[in-house]
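Engineer: quick one: sequence plus predicted model below, questions after.
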There are 2 protein chains.
Amino acid sequence: MISKNTAKFIKSLQIKKYRQKENAFPVEGAKNVLELLKSDFVIHKLFLTRQFIERFDKEVAVGDFPHTVVTETELSKVSAHKTNNAALAIAEMKRNEGIDFDAGEYGIVLDDIRDPGNLGTIIRIADWYGIGKIICSESSADQYNPKAISATMGSFTRVKVSYQPLATYLPGLSMPILGTYLEGENVHRFDFPETGLILVGNESVGISPSLEVLVSHKLHIPRFGGAESLNAGMATAVICDNLRRR
Amino acid sequence: MISKNTAKFIKSLQIKKYRQKENAFPVEGAKNVLELLKSDFVIHKLFLTRQFIERFDKEVAVGDFPHTVVTETELSKVSAHKTNNAALAIAEMKRNEGIDFDAGEYGIVLDDIRDPGNLGTIIRIADWYGIGKIICSESSADQYNPKAISATMGSFTRVKVSYQPLATYLPGLSMPILGTYLEGENVHRFDFPETGLILVGNESVGISPSLEVLVSHKLHIPRFGGAESLNAGMATAVICDNLRRR
């Protein structure tokens, strides 16, 4: 059973203000909750359906975590999605810490990515391509937004996201900054440096002027047809794929 | 002004049943409507805000098309989105026709892509990479769904989409079929044939068994980190980018 007060609490966490106040965020869906259970996140509450426990208990020993058994109907009522037939957890947010890079490492920098779904997709892409660190401008979407978490398909547990004032923070990292543009060096022929930051601009206006001055390499993805642009997630996937071909 | 009856009609077109009955679909947002005006689609109705006309009249002679001037508030009321401050058109759907491929041409085949946003994104990717033809299984999302149209950013005017029973239709095309899998030949080292069909599977279960038997080349995108998969749109973008490097 989910009490009225608990339901109200869970739903309040869909809003950033309440997530910050409680220092907690909701994680939904089978894949995301499974990955959460395997991670080092602190879990405050866990609601599981019987189907979820039966289906996944061998994989993660789900039943060993303190949990409340709930029905699909109860879960869907407190869900950010239309339906949730699996699981919901309330986990503790991690502190916003600075990021250090090792020699030979790559990171992704997001300049004002506003759509939480795009942010989540980019976290998933980073994880696929073995990039474990993302630095976001402070105006970017919140990594703990339910839509972002949902789009990561569990990758939020492996990719560290840090919010920083980019214009002053990036120079301190002393790394090459590769900006993605509609013109610039052809990424198919680009010789990627040993280490670097892939800078992705805002969905409508691209990379802001205050960051453009920091870009050491302007890259573009060659276009063969009529579309004017690729979206931020697609562009990131293509750049990362070109990086990893080296 | 948008009359009560017209408003009702426009909103009804958000539902497939009514689009089919009326053979018409709504197109929203500045970019999509601009591309529509430049295309060969038949336009039944056109609602424009003053801001839109002033901003884009030089680009397309917007004001020469028969239109009704409306306010942003009126437009948002009939919109599938939260707000629409630009334009809305009702256009005629095209007939579902078969697709022929020229020598050296590539096409994309979608096996049960259910999310209209994913379909729209893939249409935009195809357009970027100069692929003008997509064949969808009959169970795939509707190309005229407002979320699909919105995600195409105008590319729906350039990419032809055809719905066919894939298992019987594809063999008739006599083209190599390149399936995207989590294992198979590494796409970074794959020697793409002169012509081919890139087959993308369903978001959860991948390529169906009835089509798997038709696949002539199994391809995979190399993974470098912890994510279990890439989403259908990202995988399509990466495969197309690898194709065009040839």
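Structural biologist: Nice, thanks for sending it over.
Engineer: show me what from chain A comes close to chain B.
Structural biologist: In this structure, chain A approaches chain B at residues A:31, A:121, A:124-132, A:153-155, A:158, A:188, A:221-231, A:233-234, A:237-238, A:241-242, A:244-245, judged by Cβ under 8 Å from any Cβ of the partner chain. C-beta here means a position set from N, CA and C on the backbone, and glycine is covered the same way.
Engineer: among those, which ones are buried?
Structural biologist: Listed as buried from those are A:31, A:121, A:124-132, A:153-155, A:158, A:188, A:221, A:223, A:225, A:227, A:229-231, A:233-234, A:237-238, A:241-242, A:244; burial here means 16 or more other Cβ atoms under 10 Å in any protein chain shown.
Engineer: show me those residues that map onto helices.
Structural biologist: Per DSSP state H, helices hold the following members of these: A:31, A:121, A:124-128, A:233-234, A:237-238, A:241-242, A:244.
Engineer: among those, which pair sits farthest apart?
Structural biologist: Across these, the two members that end up farthest from each other (Cβ to Cβ) are A:31 and A:242, 27.6 Å apart.
Engineer: now do the contacts for residue A:97.
Structural biologist: Under the criterion of Cβ atoms under 8 Å, 6 or more residues apart in numbering or on different chains, the contact list for residue A:97 reads residue A:162.
Engineer: now do the same for it: helix, strand or coil?
Structural biologist: Classification of residue A:97 into helix, strand or coil gives coil, according to DSSP: H, G, I helix; E, B strand; the rest coil.
Engineer: I'd like the distance between it and residue B:12.
Structural biologist: When distance is defined by Cβ to Cβ, to the nearest Å, residue A:97 is 51 Å away from residue B:12.
Engineer: with residue A:228 instead?
Structural biologist: For residue A:228 relative to residue B:12 (Cβ to Cβ), the value is 31 Å.
Engineer: mind listing the helices for chain A?
Structural biologist: Taking DSSP H as the criterion, chain A carries its helices at A:4-12, A:16-22, A:30-38, A:50-60, A:72-77, A:116-128, A:146-152, A:166-173, A:209-212, A:232-244.
Engineer: would you mind writing the CA trace of the second one as CSV?
Structural biologist: What follows is helix A:16-22, C-alpha atoms only, in CSV (Å, rounded to 0.1, in the frame of the first residue of the first chain):
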residue,chain,number,x,y,z
LYS,A,16,12.7,20.4,-9.1
LYS,A,17,12.0,22.6,-6.1
TYR,A,18,10.8,19.7,-4.1
ARG,A,19,13.6,17.4,-5.3
GLN,A,20,16.1,20.0,-4.0
LYS,A,21,14.3,20.4,-0.7
GLU,A,22,14.2,16.7,-0.1
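Engineer: and that helix, what's its mean pLDDT?
Structural biologist: Helix A:16-22 shows an average pLDDT of 97 in the prediction.
Engineer: check the shortest one too.
Structural biologist: Taken as a whole, helix A:209-212 has a mean pLDDT of 96.
Engineer: CA-only coordinates of it in CSV, if you can.
Structural biologist: Written as CSV, here are the backbone C-alpha positions of helix A:209-212 (Å, rounded to 0.1, in the frame of the first residue of the first chain):
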residue,chain,number,x,y,z
PRO,A,209,29.2,33.2,-27.9
SER,A,210,30.8,33.2,-24.4
LEU,A,211,31.8,29.5,-25.0
GLU,A,212,32.6,29.8,-28.7
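Engineer: that helix packs against which elements?
Structural biologist: helix A:166-173 (3 or more Cβ pairs under 8 Å, 6 or more residues apart in numbering or on different chains; DSSP states H and E).
Engineer: buried stuff in the helix it packs on?
Structural biologist: A:166, A:169-170, A:173.
Engineer: just send those back as a markdown table, with pLDDT too.
Structural biologist: Supplementary listing: the buried residues of helix A:166-173 in a markdown table, determined by pLDDT from 0 to 100:
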| residue | pLDDT |
| --- | --- |
| A:166 | 97 |
| A:169 | 98 |
| A:170 | 97 |
| A:173 | 97 |
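Engineer: now, among the residues you listed, which is nearest to residue B:208?
Structural biologist: Distances from residue B:208 to the buried residues of helix A:166-173, taken as Cβ to Cβ, are shortest for residue A:166 (44.6 Å).
Engineer: report the contact partners of the closest one.
Structural biologist: Going by Cβ under 8 Å, 6+ apart, the list of residues near residue A:166 reads A:109, A:111, A:135, A:137, A:210-211.
Engineer: thought residue A:183 was touching residue A:218?
Structural biologist: Yes. The pair formed by residue A:183 and residue A:218 meets the contact definition of Cβ atoms under 8 Å, at 7.3 Å.
Engineer: so how far is chain B from residue A:6?
Structural biologist: 30 Å (Cβ to the nearest Cβ, to the nearest Å).
Engineer: actually, residue A:67.
Structural biologist: Between residue A:67 and chain B the distance is 23 Å, computed by Cβ to the nearest Cβ.
Engineer: please name the nearest non-neighbouring residue to that residue.
Structural biologist: With sequence-adjacent residues excluded and distances taken as Cβ to Cβ, 6 or more residues apart in numbering or on different chains, residue A:67 is closest to residue A:46, at 4.1 Å.
Engineer: what do you get for residue A:84?
Structural biologist: Nearest-residue entry for residue A:84: residue A:75, 4.6 Å, with adjacent residues in sequence omitted and distances by Cβ to Cβ, 6+ apart.
Engineer: domain map for chain A?
Structural biologist: Domain assignment for chain A by automatic domain parsing gives A:4-92, A:106-244.
Engineer: can you get me the start-to-end distance on the first one?
Structural biologist: From its first residue to its last, domain A:4-92 covers 21 Å (Cα to Cα, to the nearest Å).
Engineer: swap in the last one?
Structural biologist: One end of domain A:106-244 sits 10 Å from the other (Cα to Cα).
Engineer: so the residue nearest to residue A:84 sits against residue A:49, correct?
Structural biologist: Yes. Taking contact to mean Cβ under 8 Å, the distance of 6.3 Å between residue A:75 and residue A:49 places them in contact.
Engineer: between the two, which contacts overlap?
Structural biologist: A:85-87.
Engineer: check residue A:86 and give its pLDDT.
Structural biologist: Looking at residue A:86, its pLDDT stands at 89.
Engineer: count the residues that sit near the closest residue to it other than its chain neighbours.
Structural biologist: Here the nearest residue to residue A:86 in space, its sequence neighbours aside, is residue A:30; by Cβ to Cβ, 6+ apart that works out to 4.0 Å. Using other Cβ atoms under 10 Å in any protein chain shown as the criterion, residue A:30 is surrounded by 18 other residues.
Engineer: so what's residue A:30 up against?
Structural biologist: Taking Cβ under 8 Å, 6+ apart as the test, what residue A:30 contacts is A:52, A:55-56, A:86-87.
Engineer: and stretch A:102-121, how far apart are its ends?
Structural biologist: This stretch, stretch A:102-121, spans 24 Å end to end (Cα to Cα).
Engineer: please apply the same query to stretch A:140-153.
Structural biologist: Across stretch A:140-153, first to last residue, Cα to Cα, it's 20 Å.
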